[in-house]
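> 3D model of this:
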Amino acid sequence: MKRFIVLIFLTILGAGHSGLVLAQLASTSAHDTSQPIEISADNMEVNQTEQTATFRGAVDAVQGDLHLRADLVTVRYEDEAAGSGKRISRIEADGHVFVSSPNETAEGAHGVYDVTAKTIALEGGVVLTRGNTVIRGERLELDLAQGVSRIVGGGQGGRVKGLFLPETAAP
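Residues are numbered from 1 along each chain as shown. Now for the predicted structure:
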């Protein structure tokens, strides 16, 4: 099936500075949210009544050096105050979710970026990798405003597991 390529600028939805951040696994200051977002998928559907744009099939979203891959991505938007346009309020990713920045990667089954609260949650067999460090849990929570992240273990005695390897010096 021919892939649709959609280039979305934050201003198209009136998102202004509240753009797509998706994940910045450690630092929130390095990513420029005013950059355009390019999303490619097998198909896209916009529902004006529900104020959603849904991308299906091998979805790849890129904003600067931040990348998101998933089977399905739904962008939810709402009216700005005083009728000045639309703004993105929530971004949901489902199925084989993979997020990467220059220093880290995270993967899981489902992800939500709450633009209003400036939080990101990734859940379902989460694997967070930075260099030689690998941390596994059931849920990853990121507070972009505070720069705090937390990984929670799964139910029924599930625990967070980390593998920390020291950097080796070059000979």
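> strands of the protein, residue ranges please.
4-8, 37-41, 43-47, 52-63, 66-79, 86-100, 104-114, 119-130, 133-143, 148-152, 161-163 (DSSP state E).
> got a markdown table for those strands, with mean neighbour count and mean pLDDT too?
Just so you know, the C-beta spots here come from the backbone N, C-alpha and C atoms, and that holds for glycine as well. Formatted as a markdown table, these follow (neighbours: other Cβ atoms under 10 Å; pLDDT from 0 to 100):
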| stretch | mean neighbour count | mean pLDDT |
| --- | --- | --- |
| strand 4-8 | 14 | 32 |
| strand 37-41 | 20 | 86 |
| strand 43-47 | 13 | 96 |
| strand 52-63 | 19 | 93 |
| strand 66-79 | 20 | 90 |
| strand 86-100 | 20 | 89 |
| strand 104-114 | 20 | 90 |
| strand 119-130 | 19 | 90 |
| strand 133-143 | 19 | 90 |
| strand 148-152 | 16 | 86 |
| strand 161-163 | 11 | 89 |
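> who does R130 form a beta bridge with?
For R130, the beta-bridge partners are E104, T133 (DSSP bridges).
> relative to V152, how far out is it?
Remark: distance between R130 and V152 (Cβ to Cβ, to the nearest Å) = 18 Å.
> now stretch 100-113 - C-alpha only, CSV.
The C-alpha coordinates for stretch 100-113 follow below in CSV (Å, rounded to 0.1, in the frame of the first residue of the first chain):
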residue,chain,number,x,y,z
SER,A,100,14.4,7.6,20.7
SER,A,101,16.5,10.7,21.4
PRO,A,102,20.2,11.0,20.7
ASN,A,103,21.1,9.5,24.1
GLU,A,104,18.3,7.2,25.0
THR,A,105,15.6,4.8,23.8
ALA,A,106,12.5,3.5,25.4
GLU,A,107,10.0,0.9,24.2
GLY,A,108,6.7,-0.4,25.4
ALA,A,109,3.2,-1.3,24.3
HIS,A,110,1.4,2.0,24.9
GLY,A,111,2.4,5.6,25.3
VAL,A,112,0.7,8.9,26.2
TYR,A,113,2.0,12.4,26.1
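> centre of the chain to that stretch, how far?
For stretch 100-113, the separation from the chain centroid amounts to 6 Å (computed by Cα atoms, centre = their mean, to the nearest Å).
> and if you look at stretch 59-76?
Distance of stretch 59-76 from the chain centroid (Cα atoms, centre = their mean) equals 7 Å.
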